[in-house]
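Enquirer: For reference, the sequence and a predicted model appear below.
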Amino acid sequence: MRKLGLGLAVPLAGTAMALGGHGSAVADTAGTLPYHQPAIMYTVGNTAAINGFTGAIQPSIQPPPVLACLPVTPPSPIPGCVPPAPPAGEPWPGNMAYFGGHVQVTPKIYLVFYGWGRSGAFSTACHPAHNGDPVPCDPQGAGQRMLSFTQQLGGTQWAGESTQYYETLKDPSGNPYNVYVQNPVNQLKGVWYDDSSPIDASMTYTEIAQEAQRAVAHFHITDLLNSQVVVAQPQNFSDPLASSVGYCAWHDYTQPGIENGIYNGITPGISFTNMPYILNQGTACGENSVNAGSAGTRDG
């Protein structure tokens with residue numbers, strides 16, 4: 001699935017995202033918590049290393065990223081920790097696997113510009129526009145590219161690639177049937193410029209998930225099963241582990257009792273994307289993967 005590449009195309013590929021680890025919601029044989037598999041999109045270098053490549057890898061031809069468990073504090077060794085074994089009889093997750101869980105078949109995207117209007121968010125001083133919109137403060141234009149992309153992707157041929165995937169349900173008689181991912185227009189359902197919550201350059205995964213929870217309340221989201229909250233961070237208040245661990249973005253869903261309890265106390269079942277300021281990673285996360293020179297600064 002080619003869209004599982006770098007940068008913004010990564011989290012928004014969540015149109016085919018599944019809960020329970022993005023494809024896994026099967027309880028283990030002991031009947032405990034479901035198998036939980038976050039999706040991490042590593043940098044070009046880490047992706048190459050994970051897949052056994054030692055030579056130079058061009059961003060436009062990189063191998064597809066693998067799934068690995070979410071780095072915790074202290075970070076797991078690069079290129080990532082080994083994911084737990086799946087339940088007995090279930091497929092190894094690899095690059096794409098379905099465990100019978102829920103898939104977001106009617107995708108709804110909510111874009112949160114988290115702290116973009118706060119003092120120090122960018123390398124150049126700026127005051128948000130009169131309507132409170134901080135996106136023009138971004139000197140490199142990543143925010144505007146994200147906004148334009150999410151506004152336009154619904155109903156396109158590119159997004160239509162997800163329609164080959166489905167979830168399997170059962171009718172009242174217990175017979176299985178498939179429900180395919182849809183590709184509606186206007187998938188972007190809301191944009192929030194949130195400068196009211198604390199943000200700095202040492203955020204934890206818990207704090208990012210808490211921002212997603214605040215977004216659920218702000219947007220009055222009731223359909224958690226099909227909603228994806230993208231928590232986009234500004235240049236100077238971006239996830240610090242993106243560079244040190246070596247990833248471009250990841251998406252997950254909140255569930256208590258997993259990943260050392262980082263989501264304990266947060267509303268369960270919120271699908272969200274941790275979207276660091278991807279231009280901080282340069283060519284490692286897609287810069288110049290399509291266009292050369294300054295025209296390719298925002299390719300990621």
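Expert: Looks like it arrived, so ask away.
Enquirer: All the strands of this structure, residue numbers only.
Expert: Under the criterion DSSP state E, the chain carries strands at the ranges 39-42, 108-114, 166-170, 176-180, 188-194, 227-232, 247-253, 271-275.
Enquirer: Any chance of TSV for these, columns mean neighbour count?
Expert: Placement of C-beta: from N, CA and C, glycine included. Compiled in TSV, these are given as follows (neighbours: other CB atoms under 10 Å):
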stretch	mean neighbour count
strand 39-42	26
strand 108-114	25
strand 166-170	14
strand 176-180	11
strand 188-194	18
strand 227-232	27
strand 247-253	27
strand 271-275	27
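Enquirer: JSON lines for those, including distance to residue 136?
Expert: Conversion of the strands of the chain to JSON lines gives the following (distance: least, CB to CB, whole Å):
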{"stretch": "strand 39-42", "distance to residue 136": "27"}
{"stretch": "strand 108-114", "distance to residue 136": "11"}
{"stretch": "strand 166-170", "distance to residue 136": "40"}
{"stretch": "strand 176-180", "distance to residue 136": "39"}
{"stretch": "strand 188-194", "distance to residue 136": "11"}
{"stretch": "strand 227-232", "distance to residue 136": "15"}
{"stretch": "strand 247-253", "distance to residue 136": "23"}
{"stretch": "strand 271-275", "distance to residue 136": "19"}
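Enquirer: Save the ones you listed as a markdown table, and put in distance to residue 290 and mean pLDDT too.
Expert: Compiled in a markdown table, the strands of the chain are given as follows (distance: least, CB to CB, whole Å; pLDDT from 0 to 100):
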| stretch | distance to residue 290 | mean pLDDT |
| --- | --- | --- |
| strand 39-42 | 17 | 74 |
| strand 108-114 | 22 | 96 |
| strand 166-170 | 30 | 93 |
| strand 176-180 | 29 | 95 |
| strand 188-194 | 22 | 95 |
| strand 227-232 | 21 | 97 |
| strand 247-253 | 15 | 88 |
| strand 271-275 | 19 | 94 |
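Enquirer: Of these, which is nearest residue 220?
Expert: Judged by CB to CB, the one of the strands of the chain that comes nearest to residue 220 is strand 188-194, at 9.2 Å.
Enquirer: That closest one pairs with which strands, and in what direction?
Expert: strand 108-114 (parallel) (DSSP bridges).
Enquirer: angle of the strand it pairs with against strand 227-232?
Expert: 20 degrees (axes from the mean of the first three to the mean of the last three CA atoms, to 10 degrees).
Enquirer: Kindly export strand 108-114 (C-alpha atoms) in PDB.
Expert: Provided in PDB are the C-alpha atoms of strand 108-114 (Å, rounded to 0.1, in the frame of the first residue of the first chain):
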ATOM      1  CA  LYS A 108     -13.500  11.400   9.800                       C
ATOM      2  CA  ILE A 109     -10.400  13.600  10.400                       C
ATOM      3  CA  TYR A 110     -10.000  16.300  13.100                       C
ATOM      4  CA  LEU A 111      -6.800  18.400  12.700                       C
ATOM      5  CA  VAL A 112      -5.500  20.000  15.900                       C
ATOM      6  CA  PHE A 113      -2.700  22.700  15.700                       C
ATOM      7  CA  TYR A 114      -1.500  22.200  19.200                       C
END
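Enquirer: That one versus strand 271-275: what angle between them?
Expert: The directions of strand 108-114 and strand 271-275 differ by 40 degrees, with the same axes, to 10 degrees as the criterion.
Enquirer: who's in contact with strand 108-114?
Expert: Residues from elsewhere that reach strand 108-114 (CB atoms under 8 Å, 6 or more residues apart in numbering): 12, 14, 134-135, 143, 146-147, 150, 187-194, 197, 199, 211-212, 215, 219, 221, 223, 226-234, 237.
Enquirer: Tell me which residues touch residue 181, please.
Expert: 15, 16, 103, 104, 105, 107, 162, 163, 164, 165, 166.
Enquirer: Export stretch 134-143 to CSV, keeping only CA atoms.
Expert: Once non-C-alpha atoms are left out, stretch 134-143 reads as follows in CSV (Å, rounded to 0.1, in the frame of the first residue of the first chain):
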residue,chain,number,x,y,z
PRO,A,134,-1.7,30.6,13.9
VAL,A,135,-0.9,28.7,10.7
PRO,A,136,0.5,31.7,8.9
CYS,A,137,3.1,32.0,11.7
ASP,A,138,4.8,28.9,10.4
PRO,A,139,7.6,30.2,8.2
GLN,A,140,8.0,27.0,6.3
GLY,A,141,4.4,26.4,5.5
ALA,A,142,4.0,22.9,6.9
GLY,A,143,0.7,23.8,8.6
